[in-house]
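J.: Pasted the sequence and its predicted model underneath.
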Amino acid sequence: MKRNMIFMARMYIKQISCLVSLIIFLISGCATSWENKGSFYQTLHANLTVHSNPDGTVYVNNRIAGNSPVTIPLEYEQQINRKARKVSYWKTEPGLSMLLTIVSLGIYLPFSIIPVDTETSLEAQASFKNNEFNISVKTDSYKVWHQIIRLSGEKELALSAALDKGGE
């Protein structure tokens, strides 16, 4: 009798541990590890507003941008890394997975852990290119005002230039 109870207790523990393992396996979903799929540069836009005292002609990289105060759209690029991994429909399409499981009377469930879809991740990096701009303001009888700016994700930037008397 005692032997029979020990045997049944061991069987019960094995069944519970198998059930817990199966539940953890199914809940975690099936996904492969992330793979690097290369990178690309995405164009970013920023608005640069330049005010000056006195008003003058604003240049960006030695090209006339207008008379101050002026708002100038600038474009530069940010590196984006692309990663992908294969996942099951349970992870990406849970509604479709549930429908397939119901329609197949539960047969789909064991096979749904096979990776059948791709999940993509885009990660912005702190790497920029073409993001340096030479800003200058010129007006008669005043010294030329210069400033170099480096954009790194800003959407808007304002500069205020105080020009000194004294000609070029």
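T.: Arrived safely, thanks for sending.
J.: going on from the lowest-mean-pLDDT helix or strand in the chain, what's the next piece of helix or strand?
T.: Taking mean pLDDT, DSSP states H and E as the measure, the helices and strands of the chain show their lowest mean at helix 108-111, namely a mean of 57. Read in the C-terminal direction, the helix or strand following helix 108-111 is strand 117-129, with elements assigned using DSSP states H and E.
J.: Show me what that following strand is packed up against.
T.: Using 3 or more Cβ pairs under 8 Å, 6 or more residues apart in numbering; DSSP states H and E as the contact criterion, the secondary-structure elements in contact with strand 117-129 are strand 35-53, strand 70-87, helix 89-92. All C-beta atoms are positioned from the backbone trio N, CA, C, and that covers glycine.
J.: tell me the average confidence for it?
T.: Averaging the model's pLDDT scores along strand 117-129 yields 90.
J.: now swap in stretch 83-90 and tell me
T.: When pLDDT is averaged over stretch 83-90, the result is 77.
J.: related to what we said a few turns ago, and the helices and strands packed on strand 117-129, which is most packed in?
T.: Comparing the helices and strands packed on strand 117-129 on average neighbours per residue, with mean count of other Cβ atoms under 10 Å, the densest one is helix 89-92 at a mean of 20.
J.: on that earlier part again, least reliable of the helices and strands packed on strand 117-129 by average pLDDT, please.
T.: If you rank these by mean pLDDT, helix 89-92 sits at the bottom with a mean of 61.
J.: Now do the buried residues in the following helix or strand past that helix.
T.: For helix 89-92, the following helix or strand on the C-terminal side (DSSP H and E) is helix 94-103. Using 16 or more other Cβ atoms under 10 Å as the burial criterion, the residues of helix 94-103 that qualify are 97, 100-101.
J.: Send over stretch 58-69 as PDB, restricted to the C-alpha atoms.
T.: This file holds the C-alpha atoms of stretch 58-69, laid out as PDB (Å, rounded to 0.1, in the frame of the first residue of the first chain):
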ATOM      1  CA  VAL A  58      21.600  84.100 -44.000                       C
ATOM      2  CA  TYR A  59      23.900  81.500 -45.700                       C
ATOM      3  CA  VAL A  60      23.900  77.800 -45.200                       C
ATOM      4  CA  ASN A  61      27.100  76.100 -46.500                       C
ATOM      5  CA  ASN A  62      27.800  79.300 -48.500                       C
ATOM      6  CA  ARG A  63      24.400  79.300 -50.200                       C
ATOM      7  CA  ILE A  64      21.900  82.000 -49.700                       C
ATOM      8  CA  ALA A  65      19.000  80.800 -47.500                       C
ATOM      9  CA  GLY A  66      17.100  84.100 -47.100                       C
ATOM     10  CA  ASN A  67      17.000  87.200 -45.000                       C
ATOM     11  CA  SER A  68      16.700  87.000 -41.200                       C
ATOM     12  CA  PRO A  69      14.600  86.100 -39.500                       C
END
